[in-house]
Structure formats: structure tokens, C-alpha cells
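Q: Would you be able to build a 3D model of this:
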Amino acid sequence: MIKQIIDNFLFFLHSFSRLHKKKTSSAACIVFSKDRPLQLHLFLETFQANLVGRSSLFVLYAASTPIFESGYSVLMQRFENVIFIREEVFSRDLRELILSINEENIIFFVDDIVFTRKFSIAQYAMLCNYMTIPSLRLGLNIKKSYQSNLNLPYPIFLIKSKFFIRWLYLFGKNDWGYPFSVDGNVYKKDSLVYMMKKIKFSSPNSFENNMQYFRFTLKLMVGVAFTRSVLFNNPLNLVQSEYLNKSEDLNVIDLAKIYLNAGIINSKSFVDLENTSVHQNVEFEIIKNP
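A: Down below sits the predicted model:
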């Protein structure tokens with residue numbers, strides 16, 4: 001515990017000493033995906049349909065069987081402007097990818113995310129500094145927790161305007177008090193590099209979980225979001241056994257077969273969806289890929 005406190009204090013000094021640095025409007029996006037080609041197609045389709053402006057997009061993916069590998073091969077043909085990186089050793093691959101990125105800000109996503117309305121990566125990047133963590137998944141519409149089956153109180157807002165909100169993660173509960181998430185939060189690249197040197201991880205789940213080592217400092221940071229979230233996780237299934245998160249337990253092989261037979265999820269069902277939880281089960285329709 002003493003070592004953790006010292007590491008958090010040093011990370012706080014690292015962050016605070018860089019507050020004078022000029023903000024930039026660029027950010028790279030990294031998507032984690034495993035055995036979910038159908039769901040990743042929906043992510044990429046809704047991302048591209050709602051993105052205002054441009055952003056580099058990397059998919060770090062793992063395929064446990066040939067059927068999933070075939071699904072990702074189809075995705076690569078359909079989304080040629082996306083950079084796909086096949087996972088070999090997750091921790092090494094992620095470290096190398098982050099170090100190779102030129103942008104100063106990085107946003108993490110996972111493959112069961114769906115975008116519901118227009119958004120600008122540049123706007124979120126400009127809100128990011130070394131003591132502020134913007135979130136694409138939070139907004140005044142977030143009032144419940146699917147994972148915990150609870151109603152969520154708002155934190156005390158430092159700013160609550162027509163366009164955006166600010167709060168201290170320290171005084172938020174549940175999702176409002178969870179500063180390190182791979183579900184659409186924005187971070188400074190060099191802050192990530194600093195923290196990753198201190199932790200071990202082997203998957204997106206353990207990466208997010210073990211970053212909580214720095215929770216004493218992360219909790220002191222300011223959260224910022226626009227008044228409505230622009231995405232949510234549709235938790236159709238689990239593809240890992242490290243953390244038994246709540247899901248609808250749909251069979252990943254069945255969904256991959258649908259995708260290989262030219263089926264996709266109809267993205268029109270999610271346009272301007274007013275989700276009330278960052279994770280929310282929303283029924284979907286399968287249509288033929290046009």
C-alpha cells in the first residue's frame with residue numbers, strides 16, 4: 001500500500017506539472033475486439049456514420065478459432081481505412097501501438113459499443129488535459145446501472161450548462177466515479193505510458209482493472225462530458241472469463257455465422273437512442289448487408 005501511495009503521488013506530480021502544455025484537437029482511437037466480428041461491424045458502421053471530422057482508428061483484435069478469423073478478414077475488406085492489428089501478446093502489442101501513435105490523446109473503445117448520435121473527436125480531445133478525463137459514455141441521460149441494477153445519482157456538478165457538464169470523479173458514484181474506462185474515455189498518451197510502466201495486464205479487462213492502481217490520483221481528476229452521451233455498450237455476450245460481467249449471453253459462434261452469411265445488425269435502430277445506462281440491453285434486427 002505504501003508503494004501504491006508513493007506511485008500515485010508521483011503520478012499526480014507528473015500530471016500537475018504538465019497542466020501548462022497546450023491542448024491539441026487530435027486523438028487516436030483504439031478498439032479492443034475478441035471473437036465479435038458482427039458486433040465490431042456495428043461499432044465501425046456507427047462510428048463512421050456519426051463521426052464529425054476525422055480520426056485514426058486502430059483495431060487490436062483476437063480470434064480464438066478459424067470462424068472468427070474469417071469474420072475479421074471480411075471486416076478488413078469492408079473497412080479498408082481502419083488499421084487492424086492481430087493480437088499476439090496483448091500487453092506487448094498495446095504498449096507498442098501506443099508508443100507508435102503520433103497523437104497526444106488516445107481514446108479506448110471495445111467492440112460491443114454502439115454510437116447513437118453525431119460527435120467530434122476533436123471536441124473531446126480539446127477538453128482533455130492532464131487533470132481532466134473526458135467521457136463519451138456519460139451525460140445527463142445516464143441515470144441507471146445495468147451491471148449493478150441500481151439507480152445512479154448525479155454527482156455534484158462543477159459546471160452544468162446547456163452543452164456540457166463537469167464534476168469531480170472523487171464525488172461520483174458507480175460509473176460517475178470511475179475515471180479509467182476503456183469504454184470511451186480520453187487520456188493523454190504520455191500519462192498512459194507512465195501508468196502502464198507500473199502495472200501488469202494480459203487483456204483489455206485486466207488492463208482496465210489494474211489501472212485502478214492509480215485510483216487515488218485518477219479520482220482527483222475532473223470529469224467532463226457533453227450533456228448527452230454519444231455511445232453505449234450493448235452487452236450481448238462475454239468473450240472472456242477473467243471478470244464475469246453481466247451480459248445477455250448470446251452465443252458468439254452463432255453471431256459469427258450470421259456475419260459470414262452476409263448478415264449485419266441494423267444500425268438504424270440505434271439512431272438518437274436515449275440510453276439511461278452506459279451498458280444497456282437493446283434488441284436488434286439482423287438484415288442483409290447491402
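
Q: So, low pLDDT: which residues of the stretch 101-250 of the chain?
A: 238, 240-248 (pLDDT under 70).

Q: Do a quick rundown of the strands in it.
A: For the stretch 101-250 of the chain, the strands defined by DSSP state E, counting those that start in this stretch occupy 105-110, 113-115, 132-134, 144-145, 150-151, 157-160, 164-168, 186-188, 222-226, 231-233.

Q: Now tell me what touches the second one from outside.
A: Strand 113-115 is touched from outside by 42-43, 46-47, 49-51, 183-184, 230-234, 267, 270, 273, 282, with contacts defined as Cβ atoms under 8 Å, 6 or more residues apart in numbering. C-betas here are computed from N, CA, C, even on glycine.

Q: From those residues, which land in helices?
A: Of those, the ones assigned to helices by DSSP state H are 42-43, 46-47, 49-50.

Q: Give me the buried subset of those.
A: Buried subset of those (neighbour count, 16 or more other Cβ atoms under 10 Å): 42-43, 46-47, 50.

Q: Name the nearest of these relative to residue 90.
A: Proximity of those to residue 90 (Cβ to Cβ) peaks at residue 43, which lies at 18.8 Å.

Q: so what's that closest one up against?
A: Contacts for residue 43 (Cβ under 8 Å, 6+ apart) come out as 31, 109, 111-115.

Q: Quick one: which of the residues you listed is the most crowded by neighbours?
A: The residue in the contacts of residue 43 with the most neighbours, by other Cβ atoms under 10 Å, is residue 115 (27 neighbours).

Q: Quick check: beta-bridge partners of that residue?
A: residue 231 (DSSP bridges).

Q: Residue 84 and residue 58, how far apart?
A: 8 Å (Cβ to Cβ, to the nearest Å).

Q: cool, residue 123 as well?
A: Between residue 123 and residue 58 the computed distance is 21 Å (Cβ to Cβ).

Q: The two: who's more crowded?
A: residue 58 (19 against 15).

Q: Show me what the helix or strand hosting that one is packed against.
A: Per DSSP states H and E: residue 58 is located in strand 57-62. Using 3 or more Cβ pairs under 8 Å, 6 or more residues apart in numbering; DSSP states H and E as the contact test, the elements touching strand 57-62 are strand 27-34, helix 37-50, strand 83-86, helix 90-100.

Q: I figured residue 60 hits residue 31, correct?
A: Yes - contact criterion Cβ atoms under 8 Å: residue 60 and residue 31 qualify, at 7.1 Å.

Q: Tell me the buried residues in stretch 21-33?
A: By neighbour count on 16+ other Cβ under 10 Å, the buried set for stretch 21-33 is 25-33.

Q: what do you get for stretch 222-241?
A: Buried residues in stretch 222-241 (16+ other Cβ under 10 Å): 222-226, 228-239.

Q: Next: stretch 169-182.
A: Applying 16+ other Cβ under 10 Å to stretch 169-182 flags 169-170, 172, 174-182 as buried.

Q: Which two among these are spaced furthest apart?
A: Across the buried residues of stretch 169-182, no pair lies farther apart than 170 and 182, at 20.9 Å, counting by Cβ to Cβ.

Q: Would you enumerate the residues in contact with residue 130?
A: Contacts of residue 130 by Cβ under 8 Å, 6+ apart are 14-16, 18-19, 21, 188, 191.

Q: typed the wrong thing, it's residue 136
A: Residues near residue 136 by Cβ under 8 Å, 6+ apart: 107, 119, 124, 184-186, 225, 229-231.

Q: Residue 287: which of these is nearest?
A: Once Cβ to Cβ is applied, the member of the contacts of residue 136 that ends up nearest residue 287 is residue 231, at 21.2 Å.

Q: ok so, going back, generate a markdown table for the buried residues of stretch 169-182, with distance to residue 157 as supplementary columns.
A: Formatted as a markdown table, these follow (distance: Cβ to Cβ, whole Å):
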| residue | distance to residue 157 |
| --- | --- |
| 169 | 12 |
| 170 | 13 |
| 172 | 10 |
| 174 | 16 |
| 175 | 15 |
| 176 | 10 |
| 177 | 14 |
| 178 | 17 |
| 179 | 16 |
| 180 | 21 |
| 181 | 19 |
| 182 | 25 |
